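Peer 1: after the sequence you'll find the predicted model.
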Amino acid sequence: QNTTMSATTAEATIVAPFPVEALQHGRGAPLFAWGRGDELTLCIGTPTRKQARSQSAHGSSSSTTLSPAESMAVTVQWNARLPETYALVCEASARFEEVRVQANGPPMLRRAHLLEASRHYRALLRAHAHSLQQAVHTGRDQNGDSISSYRVPTYEEEAQRSSLGELVWELAEVLYVTQSTYVTGQLINWLQAHFSNDVAVREVCQTKPPENHPKYWTLLEQFVLQGRIEDARHLLAAHSDSTEQQAFALFDLVLRSMPRLTASSSPTGFYTTWQQWHKDANGLLSTNEELRKYPQLHSLLNLVAGDEDALANASVSWYTLLVSHLLFVNPTAKANELQFLADRCRSAMGESEEITDTLDQLLVTAFSGNVTTLLRLLIQRLGSWWIVAHLGDLLHHCGSVESYRLESGFTLREYFLLEYGTSLIGEDGLWQVAAKYFAACPPFGSHYIAQLLETEEPDTETKALQLLSVCDQYQLTNQMNTVQRVMGAKKFAQLRPVSSVYWLMLAQDVTRLSQVADRLIDQCVTEESTVEDLDGVAEHLGDQKFVFSEKLSFLNKYCELQQYRKNKDYSRVAELTLQLFSSKLAPKRLWVHLLLDTLPLLERSEPVFNAEQTFQLMECLETVLLSHRHEEFMANAALDKKTGSTQLSKLSMALTANLAKAFLLCNE
């Protein structure tokens, strides 16, 4: 039901037979190939007889192709990431980086930073759940697209998982991140934040007078049990008899005078004050006749006085009973006593030893202090690598997670981070985020990053530069060269040889560079290239020393030659032309073209080439004329036999005339 499908018609290769008869549709056996992430491509059609054989490390293998007209390719995706999830992933990665940096700070400052980070993570989870609920309510996702009816349950389930994850995270924060000795106040805040019945509160408050609502006294009980003392006083004051009957004033006094343990108070002094308050409440319960006129008030005072049977009967869950026990029975209980109290409260509520409810399992495990089991249970029950990766990392820095290694060699923290990073692979735009989490797990992370980069195709220059930045950051030379070679091949296929040269030079791929250089030489020398084209080539090549490619050295010199020609610096043109011949940089297949380029200079009234230079040009011309590859050289210059002979004769006469002018100028 939660599967997204898209269909196209394309040629496919059989990877393996797919054993689902229902997918055959009478058109042949379905075939499949795994894609990136949670993706599978099904190819349904009739195989042709064409066989393609390939060699592998294990021997030869064969594959059968499907005809495009007879096959259909269907891509099936599951666990597709919702649009609202991208913000959660990206914002959390920034905080994750901060935690890594701050984890090496002073202990006291580090603890404050970790607590701040934990609260930030919880805020992200809460906002994520809210955005999912909003999407269900409006029927549109974060991108403004309509949500199909079959995807609504996916949104609702993800919102529930996020809310439950935030609930358990806050409890873990109280128990393991703050590492306070006394956590009663924090557990009260946790219970109030996640287990308040806002619907009942709204219904009771809207009733006039409120005591006429059947849930009035039940709501008062829940306020007292959850430690919502001020809310209880306000609701009590709304009762019609609150200003006339002394019983209401007495009970309000008990609630108002209830002492609270704060961070600045002394545990010993607080407990002394609380004992006196508790003694006064019990005395009032047994002696005051006014309270007996209102059985409901008497029952509430019984809760405040710490009657454990009354607390158990009024509590709706064992964790509500636990918090009320900390409020009215043992307010100075320490964090390390909570496992015993949780078991005691479960027994008082008649809970069985076998726990089947997901929430109960998570809370019992959290109170037990077994962080490793809690993290494993979170991934089993919620299936969220995001939660276990970030919570596990945070608890690791707090020193709450054991650092033993699994059979695979990873620590538990590394395992969760690597799995979370792996879950991001295949998602558009998240591969860089995955690299951050892999980098936090040395030495295994570098291997994961290397594999990640091999799965990411540099389809644009921007992405290629991003890949190279990651390669450089983690010193992955092989992957860097692969990206550069792939970009060089892409640019060459796009008929952009100049850009191809740039990438292949970075990779120092001599073989491919030679092939591209040949194409570039043909484009710039033997084809009709404008001066602007050559300027572009020169700009890309720059002043680099092409020690590993003579062809690029020639091309660079040729671009320089055309620049001199453009600037009418004819002496430099003559000098550089002869340098190309004498240094053997110019391929002989281009000699005819280069010689014909000198014709306009030879025909000038003022000789550009001196006598010695003219003799060198004549020698080059003679080499071309006497070569057994003469016709090939002419063809490379785009000259047929008749036209070529005419042009070369004209060139020979121009050389002779230039030689005469050079001699006359020399004699003068």
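Peer 2: All right, it came through fine. Residues are numbered from 1 along each chain as shown.

Peer 1: for this protein, what are the low-confidence residue spans?
Peer 2: For the chain, the stretches with pLDDT under 70 are 1-31, 34-38, 44-73, 77-80, 524-549, 633, 635-644, 666-668.

Peer 1: the strands in it, which residues?
Peer 2: According to DSSP state E, the chain carries its strands in the segments 4-8, 30-34, 39-56, 59-77.

Peer 1: contacts only, for Leu476.
Peer 2: If you count contacts by CB atoms under 8 Å, 6 or more residues apart in numbering, Leu476 has them with 446, 449-450, 453, 470. For every residue, glycine as well, the C-beta is placed using N, CA and C.

Peer 1: residues in contact with stretch 135-147?
Peer 2: For stretch 135-147, the external contacting residues (CB under 8 Å, 6+ apart) are 82-84, 87, 131, 152, 155-156, 159.

Peer 1: repeat for stretch 428-441
Peer 2: 86, 89-90, 93, 96-97, 100, 389, 393, 410, 413-414, 417-418, 420-422, 424-425, 445-446, 448-449, 452, 455-456, 466, 470, 474.

Peer 1: quick check on these: which are buried?
Peer 2: Neighbour counting with 16 or more other CB atoms under 10 Å marks 86, 89, 93, 96, 389, 393, 410, 413-414, 417-418, 420-422, 424-425, 445, 448-449, 452, 456, 466, 470, 474 as buried within these.

Peer 1: sort out for me which of these are in helices.
Peer 2: Of these, the ones assigned to helices by DSSP state H are 86, 89, 93, 96, 389, 393, 413-414, 417-418, 420-422, 424, 445, 448-449, 452, 466, 470.

Peer 1: what's the ChimeraX syntax to select whichever of the contacts of stretch 135-147 are buried?
Peer 2: Applying 16+ other CB under 10 Å to the contacts of stretch 135-147, the buried members can be selected in ChimeraX as follows:
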select :82,84,131,155,159
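
Peer 1: tabulate the contacts of stretch 135-147 in a markdown table, adding columns for distance to Ala237.
Peer 2: Converted to a markdown table, the contacts of stretch 135-147 look like this (distance: CB to CB, whole Å):
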| residue | distance to Ala237 |
| --- | --- |
| Leu82 | 46 |
| Pro83 | 47 |
| Glu84 | 42 |
| Ala87 | 43 |
| Ser131 | 38 |
| Val152 | 43 |
| Tyr155 | 41 |
| Glu156 | 39 |
| Ala159 | 36 |
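
Peer 1: which residues does the closest residue to Ala348 other than its chain neighbours contact?
Peer 2: Closest residue in space to Ala348, ignoring its immediate chain neighbours: Ala312 at 4.4 Å, by CB to CB, 6 or more residues apart in numbering. Contacts here follow CB under 8 Å, 6+ apart; on that basis Ala312 touches 321, 345, 348-349.

Peer 1: now the helices for the stretch 51-200 of the chain?
Peer 2: Using DSSP state H, counting those that start in this stretch, the helices found in the stretch 51-200 of the chain span residues 83-102, 107-138, 152-172, 184-194, 198-206.

Peer 1: most tightly surrounded among these?
Peer 2: helix 152-172 (a mean of 20; mean count of other CB atoms under 10 Å).

Peer 1: quick check: the gap between Phe663 and Tyr564.
Peer 2: Going from Phe663 to Tyr564 by CB to CB, to the nearest Å gives 25 Å.

Peer 1: give me the more crowded residue out of those two.
Peer 2: Between Phe663 and Tyr564, Tyr564 has the larger neighbour count (other CB atoms under 10 Å), namely 17 against 14.

Peer 1: what about Pro583, how many residues close to it?
Peer 2: In this structure residue 583 is Ser, not Pro. Around Ser583 there are 12 residues (other CB under 10 Å).

Peer 1: an error on my part: the question was meant for Met480.
Peer 2: Met480, neighbours per other CB under 10 Å, totals 20.

Peer 1: please shift the residue numbers so they start at 23 in all later answers.
Peer 2: Will do, 23 is the new start, and the previous item becomes Met502.

Peer 1: pretty sure it is in contact with Leu490, am I right?
Peer 2: Yes - if you go by CB atoms under 8 Å, Met502 and Leu490 touch, sitting 5.9 Å apart.

Peer 1: isn't Leu528 up against Arg507?
Peer 2: No - between Leu528 and Arg507 there is no contact, the gap being 9.1 Å when judged by CB under 8 Å.

Peer 1: farthest pair within the contacts of stretch 157-169?
Peer 2: Largest separation among those by CB to CB: Ala109 and Val174, giving 20.1 Å.

Peer 1: any chance of the contacts of Ala334 in CSV, plus neighbour count and distance to Ala215?
Peer 2: Output for the contacts of Ala334, formatted as CSV (neighbours: other CB atoms under 10 Å; distance: CB to CB, whole Å):
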residue, neighbour count, distance to Ala215
Leu343, 24, 18
Cys367, 25, 19
Ala370, 18, 24
Met371, 17, 21
